[in-house]
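Student: next comes the sequence, and after it the predicted model I'd like to discuss.
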Amino acid sequence: MVAMVVAETSRLLVLLVAMIGLLPASVVGGSVPSVHGITVLVAAPLNATFNYTAYGSCDGGPSSVPFHSVISGGAPPYNYTWNFGDGSHSNYDADPIHTYADSFGGPFNVTMIVRDSTGATASDTQLIHFLIPPFAHTQPQPVVTPIDLVVLAAVIAAAVIALFIGVRKQQRR
């Protein structure tokens with residue numbers, strides 16, 4: 001009977017300490033067994049990262065970049081703060097789309113900070129480089145129209161006739 005009271009008392013003590021946040025998750029082991037119908041779950045540590053795809057425009061003009069947050073652990077709901085590295089910020093969006101004015105500029109140092117409902121924070125910072133399509137650096141190729149071909153044929157014909165007339169005059173002398 002004494003062992004049962006001690007075990008029940010220690011379970012209540014662990015439950016109480018975990019509820020007020022004094023016991024780290026590693027000690028609790030993720031959860032405290034149910035005591036009198038109450039179970040305390042301790043969230044895994046908050047982790048945050050993000051993905052993006054940054055394709056620059058051919059002329060170096062504005063380019064929109066979609067960002068996608070990847071969050072694990074912590075206690076939802078989450079609050080987001082983004083610094084896009086070009087002087088602009090965004091709050092509250094988990095997956096913002098940001099437009100950079102100059103895709104030839106950069107690279108841009110982008111930071112995402114996530115805060116969960118307990119106040120825990122996690123962040124990720126990445127250096128954003130734009131991928132420029134290979135055709136962005138090539139010279140435009142001239143387009144030949146049918147009119148251009150007719151003009152070219154007329155010039156060639158005129159040159160042949162002029163050459164023929166010149167040869168004939170040389171032969172007569």
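Tutor: Nice, thanks for sending it over. Numbering: from 1, shown residues only.
Student: rest of the way, CA atoms for contacts and neighbours
Tutor: Will do.
Student: so what's the spatially most central residue of the chain closest to, chain neighbours aside?
Tutor: Nearest to the geometric centre of the chain sits Y52, at 1.7 Å (C-alpha atoms, centre = their mean). Among residues not flanking Y52 along the chain, F67 sits closest, at 4.7 Å (C-alpha to C-alpha, 6 or more residues apart in numbering).
Student: tally of neighbours for that neighbour?
Tutor: For F67, the count of nearby residues is 19 (other C-alpha atoms under 10 Å).
Student: same question, T121
Tutor: Using other C-alpha under 10 Å, T121 has 18 other residues around it.
Student: just checking, it touches M112?
Tutor: No: with contact defined as C-alpha atoms under 8 Å, T121 does not count as touching M112 (10.4 Å).
Student: joint contacts of these two?
Tutor: Between them, T121 and M112 share no contacting residue under C-alpha atoms under 8 Å, 6 or more residues apart in numbering.
Student: wait, a strand at A154?
Tutor: No: per DSSP: H, G, I helix; E, B strand; the rest coil, A154 lies outside any strand segment and is helix.
Student: for the chain, which spans come out with low pLDDT?
Tutor: 1-41, 132-141 (pLDDT under 70).
Student: can you show me the helices along it?
Tutor: For the chain, applying DSSP state H gives helices covering 2-19, 25-28, 146-172.
Student: contacts for the longest strand out of those in the chain, please.
Tutor: When the chain is parsed with DSSP state E, its longest strand is strand 63-72. Strand 63-72 is contacted by residues 44-57, 94-103 when judged by C-alpha under 8 Å, 6+ apart.
Student: show me which of those are buried.
Tutor: Burial by neighbour count, 16 or more other C-alpha atoms under 10 Å: within these this picks out 46-50, 54, 56-57, 94-96, 100, 102-103.
Student: how is this protein partitioned into domains?
Tutor: With domains defined by automatic domain parsing, the chain comprises 2-41, 47-137, 145-173.
Student: so how far is the shortest one off the chain centroid?
Tutor: A distance of 61 Å separates the C-alpha centroid of domain 145-173 from that of its chain, computed with C-alpha atoms, centre = their mean, to the nearest Å.
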